[in-house]
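K.L.:
one predicted model, sequence on top.
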Amino acid sequence: MDRLANTVRPYAWGSTTAIPELLGTAPTGEPQAEVWMGAHPGAPSRVDRGSGPAALSELGRAATERFGPRLPFLLKILAAGSPLSLQVHPDLAQAKEGFADEEARGVPIDAPHRNYKDANHKP
């Protein structure tokens, strides 16, 4: 078993203490809003032997045939230090269509007006 190294997202609404307390690290004084665990291309988990997506091939042939080289999984631990807005996510068909449309129109993945950062739903 490998220990994952995960990305902490420093959104302004994040708590300054909750994630450091969870991870056993010293607070930086900056907001830390989310810990991402999974294979999202924007912040994949890493292991000592390479990136998370590369290590996921060890799940076996059936998993690789079903999902490809990247397991479509993302677990977020949220640590809100202030109120959050309500979010509504698309189903899988709408996510694929919206992502493909924005890709075809050349909307940069990090553009603030982009709605679909990937082609997956968020059940």
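P.N.:
In hand now; what should we look at?

K.L.:
what about this protein, any weak spots by pLDDT?
P.N.:
Along the chain, the model assigns pLDDT under 70 to residues 1, 48-59, 69-71.

K.L.:
now the strands for it?
P.N.:
7-9, 34-38, 46-47, 50-51, 74-78 (DSSP state E).

K.L.:
okay, now residue 14: neighbour count?
P.N.:
If you count neighbours by other C-beta atoms under 10 Å, residue 14 ends up with 21. Quick note: C-beta positions are derived from backbone N, CA and C, even for glycine.

K.L.:
same thing with the one 5 residues further on?
P.N.:
Neighbour count of residue 19, defined by other C-beta under 10 Å: 23.

K.L.:
which ones are touching it?
P.N.:
The contact partners of residue 19, by C-beta atoms under 8 Å, 6 or more residues apart in numbering, come to 8, 32-33, 35, 77, 79.

K.L.:
can you tell me, leaving aside adjacent residues, what's nearest to it?
P.N.:
residue 32 (4.1 Å; C-beta to C-beta, 6 or more residues apart in numbering).

K.L.:
report the beta-bridge partners for the one you found.
P.N.:
Note on residue 32: beta-bridge partners by DSSP bridges are residue 15.

K.L.:
what's around it, how many residues?
P.N.:
23.

K.L.:
that one and residue 21 touch, don't they?
P.N.:
No: Residue 32 lies out of contact with residue 21 (C-beta atoms under 8 Å); the separation is 10.1 Å.

K.L.:
now the strands of the chain in CSV, with distance to residue 103 and mean neighbour count?
P.N.:
Shown next, in CSV, are these (distance: least, C-beta to C-beta, whole Å; neighbours: other C-beta atoms under 10 Å):
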stretch, distance to residue 103, mean neighbour count
strand 7-9, 23, 18
strand 34-38, 21, 19
strand 46-47, 26, 17
strand 50-51, 22, 12
strand 74-78, 19, 14
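
K.L.:
and those as a markdown table, adding distance to residue 111?
P.N.:
Converted to a markdown table, the strands of the chain look like this (distance: least, C-beta to C-beta, whole Å):
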| stretch | distance to residue 111 |
| --- | --- |
| strand 7-9 | 18 |
| strand 34-38 | 20 |
| strand 46-47 | 26 |
| strand 50-51 | 24 |
| strand 74-78 | 20 |
